[in-house]
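Participant: okay, predicted coordinates and the sequence, questions at the end:
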Amino acid sequence: MSDPSSLALVADIGGTNARFGLIDDTGVHESRIFRCADFPSLAAVAAAYLTTVPANARPRQAAFCVAGPVTGDLIEITNLRWTFSVDQVRAALGLERLKVINDFTAVALCIPRLREGDRVQVGDGSPEPGAVVGILGPGSGLGASGLVPGPRGWTALSGEGGHTTMAPISDRESAVLAQLRKTYDHVSAERVLSGPGLVNLYAALSIIDGHEPARLTPAEVAEKGASGAEPHCAEAVEMFCAMLGTVAGNLALTLGARGGVYIAGGIVPKLGPVFTHSRFRKRFTEKGRMRDFLAPIPTYVITHELPAFLGLAEALAQS
């Protein structure tokens, strides 16, 4: 590890877990996970982490990302009863500087810092240097963002693209979305392209075929689907991959993402070859007259274990 002046404290604060680490030019160090429910506040869990750090490695600057909107000094974390002042947390932790950003903004900002071993390309295509980049992250929800180059570095777009309306491409997908509309007023992309969305796909496919769906977790649907152990789970995984290709292609067209489209989140990397050989790439380019526009655009899966930490380091470097 470097000296404390070059170290930064980084944290990814979700609704369930808080991940902390130290980062410098050589990588991430001392990474640890804490259950948020075990602590009364963000300051408390951060202080607990710092007690595990050697005194001669205490950082002077930090960057945190949180699952929720960041619009000012006072921040409320979605799905967690923590509200905090950025300035008060900075003072409580004895930091000279603390930057707080949205969690998916942090994931988007990781792109410039990825190395070849941190991503896997799916299909053909080559990035256009200095061009806009798109990013999607199916996880507990569906994050969507873009990276726009500028004279001061990359800017991550902040939006709610995961809540755009999901469009079907086949009769089977139309039947699935019709089934989901019996439960949801609005069937967004997130309703099918997320952990809960994977379960929604499995349940809808089962019901359409006259079967009572079992109570499965997203991980179980993915595991049974990838192994082929359960036919409706296998179809749900394949439909998930295909629909993600449709949405990724839409994002590339909307942003003009000639720099590539990246898939983040915890679901896709675990699918491995199942995703690589799925209809994802075919559906990405299946846009009629725009096929030739999309064909050169590369698509990647981010495999780095802590992409948000890389993005937080980028955010600190820019500020």
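Facilitator: Arrived safely.

Participant: how far away is Val132 from Phe293?
Facilitator: 13 Å (C-beta to C-beta, to the nearest Å). (Each C-beta comes from the backbone N, C-alpha and C, glycine too.)

Participant: the two: which is more packed in?
Facilitator: The neighbour comparison of Val132 against Phe293 (other C-beta atoms under 10 Å) goes to Val132, with 19 against 15.

Participant: show me where the chain has its strands.
Facilitator: Along the chain, the segments classed as strands by DSSP state E run 8-13, 17-24, 27-35, 61-66, 74-76, 83-85, 97-102, 119-122, 133-138, 142-150, 153-156, 261-263, 299-302.

Participant: right, so those: which one is the most enclosed?
Facilitator: Highest mean neighbour count of the strands of the chain: strand 133-138, a mean of 28 (counted as mean count of other C-beta atoms under 10 Å).

Participant: could you give the angle of that strand to strand 142-150?
Facilitator: 160 degrees (axes from the mean of the first three to the mean of the last three C-alpha atoms, to 10 degrees).

Participant: run me through the strand neighbours of strand 133-138, direction for each.
Facilitator: Sheet pairing for strand 133-138, assigned by DSSP bridges, gives strand 142-150 (antiparallel), strand 261-263 (parallel).

Participant: what lies in contact with that strand?
Facilitator: 104, 107-108, 111, 127, 142-147, 161-162, 193-195, 197, 240, 244, 247-248, 251-252, 255, 257, 259-265, 267-268 (C-beta atoms under 8 Å, 6 or more residues apart in numbering).

Participant: if you set the cut-off to 6 Å instead, what comes out?
Facilitator: With contact meaning C-beta atoms under 6 Å, 6 or more residues apart in numbering, strand 133-138 is reached by 104, 107-108, 111, 143-147, 193-194, 248, 251-252, 255, 257, 259-265, 267.

Participant: about what we covered before: so which of the strands paired with strand 133-138 is nearest Gln318?
Facilitator: strand 142-150 (10.1 Å; C-beta to C-beta).

Participant: what comes into contact with that closest one?
Facilitator: 104, 108, 111, 130, 132-137, 154-157, 161-162, 189-190, 193-194, 255.

Participant: next, the angle strand 97-102 makes with it.
Facilitator: Interaxial angle of strand 142-150 relative to strand 97-102 (the same axes, to 10 degrees): 120 degrees.

Participant: need the CA coordinates for strand 142-150. CSV is fine.
Facilitator: C-alpha atoms of strand 142-150 as CSV (Å, rounded to 0.1, in the frame of the first residue of the first chain):
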residue,chain,number,x,y,z
LEU,A,142,-31.8,-2.0,-13.4
GLY,A,143,-29.4,0.8,-13.6
ALA,A,144,-28.8,2.7,-16.8
SER,A,145,-26.3,5.4,-17.6
GLY,A,146,-23.9,6.8,-20.2
LEU,A,147,-20.4,8.3,-20.1
VAL,A,148,-19.8,11.4,-22.1
PRO,A,149,-16.2,12.6,-22.7
GLY,A,150,-15.2,16.2,-22.1
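
Participant: report pLDDT for Ser6.
Facilitator: You'll see Ser6 listed with a pLDDT of 78.

Participant: from His29, how far out is it?
Facilitator: Separation of Ser6 from His29 (C-beta to C-beta): 12 Å.

Participant: ok, now Arg119?
Facilitator: Remark: distance between Arg119 and His29 (C-beta to C-beta) = 22 Å.

Participant: quick one: the helices in the stretch 151-300 of the chain?
Facilitator: Remark: helices assigned in the stretch 151-300 of the chain by DSSP state H, counting those that start in this stretch are 171-180, 195-208, 218-227, 231-255, 268-271, 273-276, 280-285, 291-294.

Participant: which elements pack onto the third one?
Facilitator: If you count contacts as 3 or more C-beta pairs under 6 Å, 6 or more residues apart in numbering; DSSP states H and E, helix 218-227 packs onto helix 195-208, helix 231-255.

Participant: a markdown table for those helices, including mean neighbour count, mean pLDDT and distance to Leu22?
Facilitator: Listed next are these as a markdown table, based on neighbours: other C-beta atoms under 10 Å; pLDDT from 0 to 100; distance: least, C-beta to C-beta, whole Å:
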| stretch | mean neighbour count | mean pLDDT | distance to Leu22 |
| --- | --- | --- | --- |
| helix 195-208 | 23 | 97 | 29 |
| helix 231-255 | 23 | 98 | 33 |
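
Participant: okay, the ones you listed in CSV with distance to Thr217 next?
Facilitator: Below are the helices and strands packed on helix 218-227 laid out as CSV (distance: least, C-beta to C-beta, whole Å):
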stretch, distance to Thr217
helix 195-208, 7
helix 231-255, 11
